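**Student:** Quick one, structure for this:
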Amino acid sequence: MAAGGFCKLPNGRVVVALNLPSPSAADPDAAVRFLVHAQNRARALTRLRNLGLRAVYLRGNAAPPTPDEITAVLHHPDGLIWRTTPDNGVPAAVPELWRPIRALLRGAAA
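**Tutor:** Numbering: from 1, shown residues only. The predicted model follows:
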């Protein structure tokens, strides 16, 4: 279930995408796709670990970020966004909007 990947940008920075189980207790079966913009892959994973997602690893490049996802994370001021992903792997007709990481952490704390 934990798939992910990365894309190296022309300026040397990277965008890392990870699919992880939802940290929210409200819906433990849901999956969450995280996008992180950072200097390198190690720093991207460290940003997620510092937010409480301790067991985060990137093995391989099975699910790299799409061009639309790269654009979304580059235009967000925090450079760290997320949204839920469908369980069946089929994209929804109307995709869910990307949200800042604060919205996920606030929901998990409640």
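
**Student:** Where does the prediction get shaky in this structure?
**Tutor:** The chain contains residues with pLDDT under 70 at 1-2, 23-29, 86-94, 104-110.

**Student:** how about the strands in it?
**Tutor:** Assigned by DSSP state E, the strands in the chain fall at 4-8, 14-21, 31-38, 80-85, 99-100.

**Student:** Give me the contact list for the last one.
**Tutor:** Right, the one you point to is strand 99-100. Strand 99-100 has contacts (C-beta atoms under 8 Å, 6 or more residues apart in numbering) with 76, 78, 80, 81, 82, 83. C-beta coordinates here come from the backbone N, C-alpha and C atoms, glycine included.

**Student:** For the first one, the count of nearby residues, please.
**Tutor:** It refers to residue 76. By other C-beta atoms under 10 Å, the residues close to residue 76 number 16.

**Student:** repeat for residue 99
**Tutor:** The local packing of residue 99 (other C-beta under 10 Å) involves 15 other residues.

**Student:** Ok, residue 40 next?
**Tutor:** 14.

**Student:** Next one: the nearest residue to residue 83 once chain neighbours are set aside from residue 41, what distance?
**Tutor:** Nearest non-adjacent residue to residue 83, counting by C-beta to C-beta, 6 or more residues apart in numbering: residue 96, 4.6 Å away. For residue 96, the distance to residue 41 (C-beta to C-beta, to the nearest Å) stands at 25 Å.

**Student:** out of the two, which sits in the busier spot?
**Tutor:** Per other C-beta under 10 Å, whichever of residue 96 and residue 41 has more neighbours is residue 41, with 15 against 12.
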